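Trainee: Take a look and give me a structure for this.
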Amino acid sequence: MNRRLWAYVLITYGVSFAFVGGLYLAGVTYEGTIGLVMAITYMMIPALVAIGMHWKAGESIRDHLWIRFNIGKWWLVALTLPVGLAFFALLFSLLMPGVGFDPEMNFYLELLEDALTAEELAEAQAFFDRFPWPLLLLLNLAQAIGFGATVNAVAGTGEELGWRGFMLRELAAKGFWTSSLIIGVAWGFWHAPLILQGHNYPEYPLLGVFLMTLFCILLSPLFSWVTVKCRSAVAAGVMHGVFNASAGFSIIYLSDHIEPFTGITGLLGLASLAVANLVLFVWARPSFDDLEWFEEVNAE
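Mentor: Here you go, the predicted model:
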């Protein structure tokens, strides 16, 4: 990693960890509505640091961070691949002994008991009972893609302008897989302050830091691949938004969620992402060789 990239990572980590650490010392913890606001703010930091560094250097922020809205066929992959990965993880989670497929989503309703009032829970149950589960699934899919590609994509782009914008460009000379690995490690450990407060792995916060890092390492090549195919870090932001909105599909149709095994962030989910990477390696053979900006980076 060059000095510029080290500076980016250190500043991003410093600002991010100071933000969460300061709130923690002030008695503000990662939970409820406040936790959501914390997460959204946290997700914007990688982009803000990247923008600041390019602005200070007098460089084009739009060009260097790949802020492009050149919507084409590969953007469809950005919209649908996250959903496919969630259901692929669901299939792997069903390999867990004692875990079955539950189209009635009874386990999901149990989870909602802690977040909803009795009246709201009854309304949710009535809504689920109103539709046959295949139709309800389609409605949920439409909601996940629609919400993920709009509202969620704003926060997702906040991360991706850093990981797939700044870092991918700076690491391009190292090749597709090496750059994806380095980004995945930086991306994964960056989540540590939130993971330690219960994000994704509430029962295993310390182990969760390492599982989240492995999760990001396995997810990184898929995000990088879509980014280079779309020629846009904004497309990665959309993919990130849809991924966050659809990840729940990997557990809501399970009869039970056994942490840290089931779900896309669990061990079986990690196994499904490893298989997805194998498919990517064998089928797509991703590289930077055909990208104009790859040559520009090497020439700098």
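Trainee: Tell me how many other residues crowd the nearest residue to Met167 once chain neighbours are set aside.
Mentor: In space, not counting the residues next to it along the chain, Met167 is nearest to Ile183; the distance is 5.1 Å by CB to CB, 6 or more residues apart in numbering. Glycine gets a C-beta too; all of them are placed from N, C-alpha and C. Ile183 is flanked by 25 other residues according to other CB atoms under 10 Å.
Trainee: Now the helix or strand harbouring Ile183: buried residues?
Mentor: For Ile183, the enclosing helix or strand under DSSP states H and E is helix 176-190. Neighbour-count burial for helix 176-190 flags 176-177, 179-190 (criterion: 16 or more other CB atoms under 10 Å).
Trainee: now do stretch 14-30
Mentor: When burial is assessed from 16+ other CB under 10 Å, stretch 14-30 yields the following buried residues: 16, 20, 23, 30.
Trainee: Among those, which one sits closest to Met167?
Mentor: For Met167, the nearest member of the buried residues of stretch 14-30 is Ser16. The distance, counting by CB to CB, is 14.4 Å.
Trainee: Next one: that closest one from Leu79, what distance?
Mentor: 28 Å (CB to CB, to the nearest Å).
Trainee: and Leu278, what does it touch?
Mentor: When contacts are counted by CB atoms under 8 Å, 6 or more residues apart in numbering, Leu278 touches no other residue.
Trainee: Mind checking the pLDDT average for stretch 97-117?
Mentor: Per-region confidence: stretch 97-117 scores 84 on mean pLDDT.
Trainee: again but with stretch 4-12, I slipped
Mentor: If you average the pLDDT over stretch 4-12, you get 97.
Trainee: Ok, stretch 178-187 next?
Mentor: Looking at stretch 178-187 alone, the average pLDDT works out to 97.
Trainee: is it true that Val242 lies in a helix?
Mentor: Yes. Membership of Val242 in a helix is supported by DSSP: H, G, I helix; E, B strand; the rest coil.
Trainee: and Phe127, how many neighbours?
Mentor: 11.
Trainee: Report the distance from the helix or strand containing it to the chain centre.
Mentor: Counting by DSSP H and E, the element that carries Phe127 is helix 118-130. Between the mean C-alpha location of helix 118-130 and the chain-wide mean there is a distance of 29 Å, by CA atoms, centre = their mean, to the nearest Å.
Trainee: CA-only coordinates of it, as PDB, when you get a sec.
Mentor: What follows is helix 118-130 as a C-alpha-only set of coordinates in PDB (Å, rounded to 0.1, in the frame of the first residue of the first chain):
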ATOM      1  CA  ALA A 118     -48.800  -5.900  20.600                       C
ATOM      2  CA  GLU A 119     -51.100  -4.000  18.300                       C
ATOM      3  CA  GLU A 120     -48.400  -3.500  15.700                       C
ATOM      4  CA  LEU A 121     -47.500  -7.200  15.900                       C
ATOM      5  CA  ALA A 122     -51.100  -8.200  15.400                       C
ATOM      6  CA  GLU A 123     -51.300  -6.000  12.300                       C
ATOM      7  CA  ALA A 124     -48.100  -7.600  10.900                       C
ATOM      8  CA  GLN A 125     -49.500 -11.000  11.500                       C
ATOM      9  CA  ALA A 126     -52.700 -10.100   9.800                       C
ATOM     10  CA  PHE A 127     -50.800  -8.700   6.800                       C
ATOM     11  CA  PHE A 128     -48.800 -11.900   6.500                       C
ATOM     12  CA  ASP A 129     -52.000 -14.000   6.700                       C
ATOM     13  CA  ARG A 130     -53.600 -11.900   4.000                       C
END
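Trainee: List the buried residues for the helix or strand following it?
Mentor: Of the helices and strands lying after helix 118-130 in sequence (DSSP H and E), the nearest is helix 133-148. Of the residues in helix 133-148, those scored as buried under the neighbour-count criterion (16+ other CB under 10 Å) are 136-137, 140-141, 144-145, 147-148.
Trainee: Same list (these) but as JSON lines, adding pLDDT and distance to Ile67.
Mentor: Formatted as JSON lines, the buried residues of helix 133-148 follow (pLDDT from 0 to 100; distance: CB to CB, whole Å):
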{"residue": "Leu136", "pLDDT": "88", "distance to Ile67": "37"}
{"residue": "Leu137", "pLDDT": "91", "distance to Ile67": "34"}
{"residue": "Asn140", "pLDDT": "90", "distance to Ile67": "31"}
{"residue": "Leu141", "pLDDT": "94", "distance to Ile67": "28"}
{"residue": "Ala144", "pLDDT": "95", "distance to Ile67": "25"}
{"residue": "Ile145", "pLDDT": "96", "distance to Ile67": "22"}
{"residue": "Phe147", "pLDDT": "95", "distance to Ile67": "22"}
{"residue": "Gly148", "pLDDT": "96", "distance to Ile67": "19"}
